[in-house]
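Chemist: Pasting a predicted model and its sequence here:
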2 protein chains.
Amino acid sequence: VNKVKVALLGLGNVGTGVWKILNTNKEEIRRRSGYDIEIAKILVRDKSKKRNVEVPEELLTDNADEVFNNDEIRIVVELMGGVEPAYEYMMRAIKSKKHLVSANKMVIATKGEELIGAAAEAGVMFYYEASVGGGIPIIHGINESLTANKIEEVVGIINGTTNYILTKMSLEGLSFDTALKGAQEKGFAEADPTSDVEAYDAMYKLAILASLSFGAKINLDSIYREGITKIESVDIAYAKELGYTIKLLAIGKDNDGVLELRVHPAMIPSTHPLANVNNSFNAIFIRGNAIGDLMLYGKGAGDLPTGSAVVGDIISILRNNIDLAPSNDINNQSTTVKYSPMEETKCEYYIRLSVRDLPGTFGEIATILGKNGVSLSSVIQKGKGEEFVPLVFVTHGTKEANLNRSLEEMKNMPAIYKIDNVIRVENL
Amino acid sequence: VNKVKVALLGLGNVGTGVWKILNTNKEEIRRRSGYDIEIAKILVRDKSKKRNVEVPEELLTDNADEVFNNDEIRIVVELMGGVEPAYEYMMRAIKSKKHLVSANKMVIATKGEELIGAAAEAGVMFYYEASVGGGIPIIHGINESLTANKIEEVVGIINGTTNYILTKMSLEGLSFDTALKGAQEKGFAEADPTSDVEAYDAMYKLAILASLSFGAKINLDSIYREGITKIESVDIAYAKELGYTIKLLAIGKDNDGVLELRVHPAMIPSTHPLANVNNSFNAIFIRGNAIGDLMLYGKGAGDLPTGSAVVGDIISILRNNIDLAPSNDINNQSTTVKYSPMEETKCEYYIRLSVRDLPGTFGEIATILGKNGVSLSSVIQKGKGEEFVPLVFVTHGTKEANLNRSLEEMKNMPAIYKIDNVIRVENL
């Protein structure tokens, strides 16, 4: 049995998972990799911090040189999160000819091309399965298994926090605020939940998925992003009535070379497999021109599931022979990428209004929509006799520009008190 | 761009898919593999047979020597099915130092160890992703992505034909015979459907999955196998009433080193993701001690999905550098395997009886069950006043031996006209 020394950068949630897995599954890992993996150093900010796992004190260091200047360390595992100093350390690892594993979506979404290029140049391997979908082997799937396909579409539930909140709102009737508070108490949401609920996290992950699926360097600005804070219990109830479930979706499509990239809450048919992905589970749907529809479902977060992907990457490096330069990494990036602007995107829409219960109101609205080329597939009107009554429409597919023009005109209608919400409908 | 010559053995459904994909996705494949893949020879039984795809006549041959004696052919793709002559040809390919890809579950389930051993010895690569689950990258998943896990359980819907039949029975109320006929007309079932409906196909696939998941050479005789021909419409209706869906499941469990392997129809909760895997789709659920629950879902058959897996394997060989011997293939086989006999397996059971509607019948049955340590979780009794009325039980978990003893005793009860059906219930 060979031995290999590995360093961890960071010992938070995922680092703890990696430590536990390397200890618990020593025998399986030895059988599958041919190696005993030894964690030789762990770079942390604060050596005295209380940890959830017992780690020999001498492994902890706050001095990066002890990692990068140690020639015995062959693999560096970056689990710090954020762009800096993670990026600087990753570049140092590559330049020290150490193979690299990372679980850091943010640095890969923003600096992935530089890292992949530097790793190829230095002849080291760089894997980042854990950066999207926790334990789900989605990156391996796209990069290694679906290589025979032209990938046409990727649709995912790739943020566990928002999925937990939406599940609680949907199945237990909680309000957004109560569900968020519950998620924070259970450790599924951060004290500052912005990155999750405003869909930044899902945006970074979509950038990585789209880059690999469509062979393109993705500009983050080209991704339309909308969070879930505007979803109210009443929208969840209407969705149910219409046969839909509300999920935060990350959508990437390759429309004949023009990319459509968006992250937003959407109503999807309750019979679709993605509608039954609940709590903190993640799932990613991929459509390839040979394989057809493929879905991968699993735990998108947590120390052990994410650690499973990280340790799997370490084993991949060992099995690929750490002493050889990697076989030519595939140049997956095409330089000219076109994006379709959100205004050109075709969607169906759920629109919830508060209107004055006057004769002719509905006709007036229908006229505005019709004039802008928007037709309706469902209407729900409830409550009579009160001053303001809710009116809910679902449109047929229409360009976002047409919808926006209609909404602008509706704002000037005296009979409309308020446009309460607009949510896209994806009939997957 | 490099060029590589490949030979196909067989040009049936999957061979046609491979041909189409290599032609349609030439550009993607070149970008991802760095190679142009040329099909140089196709070994067929009958050169004059009408094909679904236009292939230049000079590529077809019925002489195996033209494949194996051609040094320019670097990769052989076996798509013939059956054990012989496929096995002989695969061994010839290996001995000719050609890398090998196969979609043949039967030969891998029965001769996998010999093939893997011979390939390792000869220094050639051997991939067989398409042998289980069509396009679904389940073998890659287990072998490459879940390597950090001790795999505890695999549960799959891995036969598309029976899943199509059960879906039609369940959603459209068809009888087994009508659903089978429909499947045959649509090409989802063979003229002789035995291999599918009696679960031989699923048994072979389970042997492959279990071998990889648990690191064991699987003896096919150790797999309990039961087909779906006994499932009647009335069982489907009772299942629905009880909140279950009937699926043909392949189940493999590693109970502390003792393997439990079985393929049989089972009632599963209608809310479980596997219950919503319909028509000819396949899905495989895996539980690992780090990753938790993971499910892969996709098309388990068809020329293009299966061809996607085959071409993906060819690309894996090209990316691993076809001129190098493969990095030490992992010895996944442990020599001492223990199996738990079916009599020791613990399950819940659905039991449907026709009984005489006499006072005391139910009490007598309950006494027999209780005496054998079988307790009940549900009872449905319908119809009164007729000579024979249906009586349906669901038991709590019990050893199969206990159930069988109870059934034997029940057969002697004058009040029981017939034990109509017994179906396992898996509360996944």
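Modeler: Sure thing, it's come through. Residues are numbered from 1 along each chain as shown, chains lettered A, B, ... in the order given.

Chemist: where does chain A dip in pLDDT?
Modeler: A:324-335 (pLDDT under 70).

Chemist: In it, what residue spans correspond to helices?
Modeler: For chain A, applying DSSP state H gives helices covering A:13-24, A:26-33, A:65-68, A:86-95, A:105-122, A:138-140, A:160-172, A:176-185, A:194-197, A:200-214, A:233-241, A:303-319, A:361-371, A:400-411.

Chemist: Residues contacting the fourth one, please?
Modeler: Residues from elsewhere that reach helix A:86-95, judged by CB atoms under 8 Å, 6 or more residues apart in numbering or on different chains: A:9, A:43, A:64, A:67-68, A:76, A:78, A:80, A:100, A:102, A:104, A:107, A:111, A:114-115, A:118-119, A:122, A:124, A:126. No exception for glycine: its C-beta is placed from N, CA and C like everyone else's.

Chemist: Could you identify the buried members of those?
Modeler: With burial judged by 16 or more other CB atoms under 10 Å in any protein chain shown, the buried subset of the contacts of helix A:86-95 is A:9, A:43, A:64, A:67-68, A:76, A:78, A:80, A:100, A:102, A:104, A:107, A:111, A:115, A:118-119, A:122, A:124, A:126.

Chemist: and chain B, which of those reach it?
Modeler: Residues of the buried ones among the contacts of helix A:86-95 in contact with chain B (CB under 8 Å from any CB of the partner chain): none.

Chemist: Name the residues of the stretch 101-250 of chain A found near chain B, please.
Modeler: Going by CB under 8 Å from any CB, the residues of the stretch 101-250 of chain A near chain B are A:129, A:135-137, A:140-141, A:144-150, A:215.

Chemist: Show me which residues of the stretch 251-400 of chain A are close to chain B?
Modeler: So far as CB under 8 Å from any CB goes, the stretch 251-400 of chain A lies against chain B at A:271, A:273, A:276, A:288-299, A:302, A:304-305, A:307-312, A:314-316, A:319-321, A:327-328, A:330-332.

Chemist: how close does the closest residue to A:G227 other than its chain neighbours sit to chain B?
Modeler: In this structure, A:G227 finds its nearest non-sequential neighbour in A:E198, 3.8 Å apart by CB to CB, 6 or more residues apart in numbering or on different chains. Using CB to the nearest CB, to the nearest Å, A:E198 is found at 27 Å from chain B.

Chemist: my read: A:E198 touches A:L248, true?
Modeler: No: using CB atoms under 8 Å, A:E198 is not in contact with A:L248, being 10.4 Å away.

Chemist: Overlap in contacts, those two.
Modeler: Counting by CB under 8 Å, 6+ apart, the residues touching both A:E198 and A:L248 are A:G227.

Chemist: neighbour-wise, which of the two wins?
Modeler: A:L248 (26 against 17; other CB atoms under 10 Å in any protein chain shown).

Chemist: Now do that one against A:S280, distance only.
Modeler: 12 Å (CB to CB, to the nearest Å).

Chemist: The nearest residue in space to A:A415 that is not next to it in sequence - how many residues pack around it?
Modeler: The spatially closest residue to A:A415, leaving aside those adjacent along the chain, is A:T361, at 4.2 Å (CB to CB, 6+ apart). Counted by other CB under 10 Å, the residues lying close to A:T361 total 19.

Chemist: any idea how far A:T361 lies from B:L11?
Modeler: For A:T361, the distance to B:L11 - CB to CB - is 65 Å.

Chemist: now swap in A:I165 and tell me
Modeler: 52 Å.

Chemist: what do you get for A:R51?
Modeler: From A:R51 to B:L11 the distance is 60 Å (CB to CB).

Chemist: Look at those two and report which has more neighbours.
Modeler: Set side by side, A:R51 and B:L11 show more neighbours around B:L11, with 24 against 14, by other CB under 10 Å.

Chemist: quick one: contacts for the more buried one?
Modeler: The contact partners of B:L11, taken as CB under 8 Å, 6+ apart, are B:W19, B:I42, B:V44, B:R51, B:V53, B:V55, B:L60, B:L79.

Chemist: Pull up the gap between A:I351 and A:K240, please.
Modeler: 17 Å.

Chemist: Do you have the strands of the stretch 201-350 of chain A handy? List them.
Modeler: A:224-225, A:244-255, A:258-269, A:281-288, A:292-299, A:338-339, A:346-356 (DSSP state E, counting those that start in this stretch).

Chemist: re the thing from before, which of the residues of the stretch 101-250 of chain A next to chain B sit farthest apart?
Modeler: A:G135 and A:K150 (27.1 Å; CB to CB).

Chemist: who's more crowded, these two?
Modeler: Per other CB under 10 Å, whichever of A:G135 and A:K150 has more neighbours is A:G135, with 32 against 19.

Chemist: quick one: the nearest residue to A:H396 once chain neighbours are set aside and A:F393, what's the gap?
Modeler: Once flanking residues are discounted, A:H396 sits nearest to A:S375: 4.7 Å by CB to CB, 6+ apart. When distance is defined by CB to CB, A:S375 is 10 Å away from A:F393.

Chemist: So which of the helices of chain A is nearest B:R262?
Modeler: Of all the helices of chain A, helix A:26-33 comes closest under CB to CB, at 23.8 Å.

Chemist: now the angle from that closest one to strand B:281-288?
Modeler: With axes from the mean of the first three to the mean of the last three CA atoms, to 10 degrees defining the directions, helix A:26-33 sits at 130 degrees from strand B:281-288.

Chemist: For helix A:26-33, name the packing helices and strands.
Modeler: If you count contacts as 3 or more CB pairs under 8 Å, 6 or more residues apart in numbering or on different chains; DSSP states H and E, helix A:26-33 packs onto strand A:35-43, helix A:303-319.

Chemist: Export the ones you listed to TSV and append columns for distance to B:A210.
Modeler: As requested, these are arranged in TSV below (distance: least, CB to CB, whole Å):
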stretch	distance to B:A210
strand A:35-43	25
helix A:303-319	20
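
Chemist: Point out the most buried one among the ones you listed.
Modeler: helix A:303-319 (a mean of 26; mean count of other CB atoms under 10 Å in any protein chain shown).

Chemist: Show me what that helix is packed up against.
Modeler: Using 3+ CB pairs under 8 Å, 6+ apart, helix A:303-319 sits against helix A:13-24, helix A:26-33, strand A:35-43, strand A:73-78, strand A:99-102, strand A:126-127.

Chemist: among these, which is nearest B:E386?
Modeler: helix A:26-33 (58.0 Å).

Chemist: buried set for the closest one?
Modeler: A:E28, A:I29, A:R31, A:R32, A:S33.

Chemist: Nothing else from me, thank you.
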